[in-house]
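> got a predicted structure plus its sequence, pasted below:
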Amino acid sequence: MIIDLHCHSHYSDGALSPAELVQQAESRGVNVLALSDHDSVDGIAEAKAAAQSLKLVPAVELSCGWQHKEIHVVGLGVDTASTVLQQGLATQQQRRWHRAEAICAKLAKDNINGVLEQLCSRQASAPTRSHVAHELVDRGLVKDQERAFKRYLGRTGSAYVPAEWCSLSEGISWIREAGGIPVLAHPGRYKLSGSGLQKLTEAFKEAGGQGFELSYPQLFPKEAQRMAKLVRSLELWASQGSDFHSEAQRWTGLGRMPPLPPAVTTVWQARPELFS
């Protein structure tokens, strides 16, 4: 059985519509798919309607702040009608729009105009920096997204604007209120030391976090084994996902992830009613 619990549609920074995403997942034999757009559940109904042979799990990926770092938490099996979750997502999206406006104002000082108008024409619930980067690439101002972040959008870029997100505990509480499982997303990408990751994971668990992404593209086996010890010691549930955004990212694909380390309890074993 192929279970992919992390991917994105064009309602956040993915390239495909929810229906296209589901069709592609089914063509690749995926049995369970969680659509987890950044701070948005707007694509869930469309994805559910398109699903024929797979189980669609409603999900979301929240951007949270912890000790001056941006941490992502996937909420699996959320009730998308939850008032608490909807209010939280509205706040997150408003923050994204404010940040995009500030970035575009800085770009205008470099005589790069009309970016905000282009962002408004996209399908996304709220713009991300990736959308801005795409626009800069499309205009031929930079060769690729990496250069867009280096020159304009990253911490040392001319149009950098810091983000303001909900706290880790707030994000986790919204997911729990919506009946979902909070999962610490791609924990190896935060550039933390071993002790730093342990502190983050302990804070995540103390705030009500339950799951830990233990399999995703570009996670090396030795690192996964080290993380598995942490998952077992804190009695967290293991999750997995491709973090698929588009076919242009050749390092990932729907349903393509390394195998989970042994002797862990998975989210679908712990809460089977959300995945069947």
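Ah, there it is.

> which ones are touching Val30?
Taking C-beta atoms under 8 Å, 6 or more residues apart in numbering as the criterion, Val30 is in contact with Ile2, Ile3, Asp4, Leu54, Leu254, Gly255. From N, CA and C alone the C-beta is placed, and that goes for glycine too.

> distance to Gln145 and secondary structure added to those residues, as TSV?
TSV is the format used below for these (distance: C-beta to C-beta, whole Å; DSSP: H, G, I helix; E, B strand; the rest coil):
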residue	distance to Gln145	secondary structure
Ile2	28	coil
Ile3	29	strand
Asp4	23	strand
Leu54	30	coil
Leu254	21	coil
Gly255	24	coil
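
> most neighbours among the residues you listed, please name it.
The most neighbours of any of the contacts of Val30, using other C-beta atoms under 10 Å, belong to Asp4, which has 27 neighbours.

> if we can go back for a sec, which one of the contacts of Val30 is nearest Phe149?
Closest approach between those and Phe149, by C-beta to C-beta: Leu254, at 25.0 Å.

> mind listing what that closest one touches?
With contacts defined as C-beta under 8 Å, 6+ apart, Leu254 is in contact with Asp4, Cys7, Leu21, Gln24, Ala25, Arg28, Val30, Leu33, Ser242, Phe244.

> repeat for Ile112
Shown in contact with Ile112 (C-beta under 8 Å, 6+ apart): Leu136, Arg139, Leu141.

> by neighbours, which of those residues wins?
Neighbour counts for the contacts of Ile112 were taken using other C-beta under 10 Å; the highest belongs to Leu136, which has 23 neighbours.

> if we can go back for a sec, now tabulate the contacts of Val30 in TSV and tack on pLDDT and distance to Gly75.
What follows is those, written out as TSV (pLDDT from 0 to 100; distance: C-beta to C-beta, whole Å):
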residue	pLDDT	distance to Gly75
Ile2	97	21
Ile3	98	16
Asp4	98	16
Leu54	97	19
Leu254	96	20
Gly255	95	21
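
> Phe149: which of the contacts of Leu254 is nearest?
Distance to Phe149, by C-beta to C-beta, is smallest for Phe244 among the contacts of Leu254, at 20.2 Å.

> how close does the closest one get to Ser12?
From Phe244 over to Ser12 the distance is 12 Å, taken as C-beta to C-beta, to the nearest Å.

> equivalent analysis for His131, please.
If you go by C-beta to C-beta, the gap between His131 and Ser12 works out to 9 Å.

> what is in contact with those two at once?
Ala124.

> neighbour count: the two, which is higher?
Neighbours were tallied for His131 and for Ser12 using other C-beta under 10 Å; the higher tally belongs to Ser12 (26 against 19).

> how about the contacts made by the more buried one?
By C-beta under 8 Å, 6+ apart, Ser12 lies in contact with Asp37, His38, Asp39, Ser40, Glu61, Ala124, Ser125, Thr128.

> switch the cut-off to 10 Å
By C-beta atoms under 10 Å, 6 or more residues apart in numbering, the contact list for Ser12 reads 35-40, 42-43, 60-61, 96, 123-128, 130-131, 245.

> just the buried ones from those?
Among those, those buried by neighbour count (16 or more other C-beta atoms under 10 Å) are 35-40, 42-43, 60-61, 96, 124-128, 130-131, 245.
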